[in-house]
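Enquirer: Everything below, folded, please.
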Amino acid sequence: MVAGALAYDQITTTRVPFPAAPEPLRNTKLDSLTEQLGGCGGNLAYNLATAGSVPLLLSCYGRADGKRYLQHLRQLGINTNSLWAADGPCARSIIVTDPDGEQFCGFFPGPVPDTAAWQKHLARLQAPAAGRVLVQGPYPAHLMAATLAWGRQHKLLNIWCPGQYADQLQSRQVQRLAADADWICGNGHEIDSLNGAAALPQRCGVIRTNGAQPVQVTLPDELEPFSVPVQAPERVADPTGCGDALAATLALHCSRLAEQPPLQWSAAAISAMVDHGCRVAASCLAHEGAQNHPQPPPL
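Expert: Purely as a prediction, here's the structure:
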C-alpha cells in the first residue's frame with residue numbers, strides 16, 4: 001500500500017549554481033522546462049507496479065485536471081479504488097536543478113482533506129486484504145499521522161518517508177509519526193532534521209541516503225549503522241524521484257520479509273534490498289522525470 005501525493009512536475013534546470021546557505025534563492029534563469037507525472041505517491045506506485053506488484057494507492061487528486069493521471073495509473077495496473085477526489089487542481093511540483101545537482105522544490109499539495117474526513121476514508125478500507133506493507137510518502141503532517149496510525153492499527157509494516165516535510169515538522173509531530181513507523185527512509189538532510197527535532201525511537205530502522213556516498217543503515221534496536229556502497233551511475237539525466245525509486249524497492253522487499261518481525265531480518269538481507277534500491281534509483285537518475293525508467297532486475 002502506498003500513500004502520498006499525485007502531482008504534475010514542472011521540471012527545470014538552471015546553469016547558475018544555487019547560492020550557498022544561508023543566502024536566499026531570489027532569482028534564477030531557467031534553460032529547460034518539461035512537465036512530467038510525479039508526486040511521491042505516484043512515483044512510489046509506479047516503481048512498485050513496474051516491478052510486478054499491484055499497489056493500492058492512497059492519495060488525493062483534483063477533478064479539474066486529474067483524468068490524465070488516473071488513466072496513466074490504471075494503464076500501469078495500479079489500484080486506484082481508494083483515491084480521494086476533490087474539486088480543483090491536482091498537486092504541483094516546481095523542481096529546479098542546478099549544475100551541481102542541487103535542487104529547489106516548490107510544492108503545492110492540491111486537495112488536502114482534514115483529519116476526520118481522511119480517517120473516515122481509511123476506515124472504509126480492508127487493510128489485511130490490501131497488503132502487508134504501507135509506505136507513507138511525504139504528505140501534510142496530519143494525513144501522514146492518520147495513515148501511519150491506521151497502518152499500525154492493522155498491523156502493517158510501516159515505512160515512513162518524510163521527504164520535503166521533514167524539516168518542517170515540530171518535535172511533537174516527529175515523535176508521533178516515528179512512534180508508528182517501523183522503518184524511516186530519507187536523505188541526510190531529512191534524517192538530520194528529524195533527529196534535530198526529536199530523538200527517533202530505537203526500535204525503528206533508519207535508512208539514510210547521501211547522494212553518491214554509501215547508504216547508512218541502522219537496524220532496529222541497534223546503535224551503530226553499517227554502510228551499503230553506491231555504485232557510480234552510468235548516466236545522470238535528472239535526480240527527480242530517485243529517493244522514491246529506492247523507497248519503493250525497499251517496500252517491495254519488505255513485503256517478502258514481512259512474515260518475520262523486523263528484528264529478525266539479517267543485515268545481509270537488508271544490504272541486498274538497499275543495493276537493489278540503489279540500482280533502481282540509478283535507473284531513475286538516467287531518465288528525465290520520475291516515472292520513465294525501466295526496472296533493473298534484482299541480483
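Enquirer: mind listing what the residue nearest to residue 151 when sequence neighbours are not counted touches?
Expert: Among residues not flanking residue 151 along the chain, residue 134 sits closest, at 3.9 Å (Cβ to Cβ, 6 or more residues apart in numbering). For glycine as for every other residue, the C-beta is placed from the backbone atoms N, C-alpha and C. Residue 134 is in contact with 1, 2, 3, 147, 148, 151, 156, 157, 158, 159, counting by Cβ atoms under 8 Å, 6 or more residues apart in numbering.
Enquirer: quick one: which of those sit in strands?
Expert: Taking DSSP state E, the ones among the contacts of residue 134 that sit in strands are 2, 3, 157, 158, 159.
Enquirer: Secondary structure element holding the residue nearest to residue 151?
Expert: Assigned by DSSP states H and E, residue 134 falls within strand 133-136.
Enquirer: That strand pairs with which strands, parallel or anti?
Expert: strand 2-3 (parallel), strand 157-160 (parallel) (DSSP bridges).
Enquirer: Nearest to residue 75 among the ones in strands among the contacts of residue 134?
Expert: Set against residue 75, the nearest of the ones in strands among the contacts of residue 134 by Cβ to Cβ is residue 2 (16.7 Å).
Enquirer: okay, now that closest one: neighbour count?
Expert: The tally of other residues near residue 2 (other Cβ atoms under 10 Å) stands at 32.
Enquirer: Might you report the residue contacts of the residue nearest to residue 14 when sequence neighbours are not counted?
Expert: In space, and not counting its chain neighbours, residue 14 is closest to residue 28: 4.7 Å by Cβ to Cβ, 6+ apart. By Cβ under 8 Å, 6+ apart, the contact list for residue 28 reads 14, 16, 18, 96, 98.
Enquirer: Then residue 83?
Expert: 6, 57, 58, 59, 60, 61, 70.
Enquirer: mind putting the residues you listed in CSV, secondary structure included?
Expert: Formatted as CSV, the contacts of residue 83 follow (DSSP: H, G, I helix; E, B strand; the rest coil):
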residue, secondary structure
6, coil
57, strand
58, strand
59, coil
60, strand
61, strand
70, helix
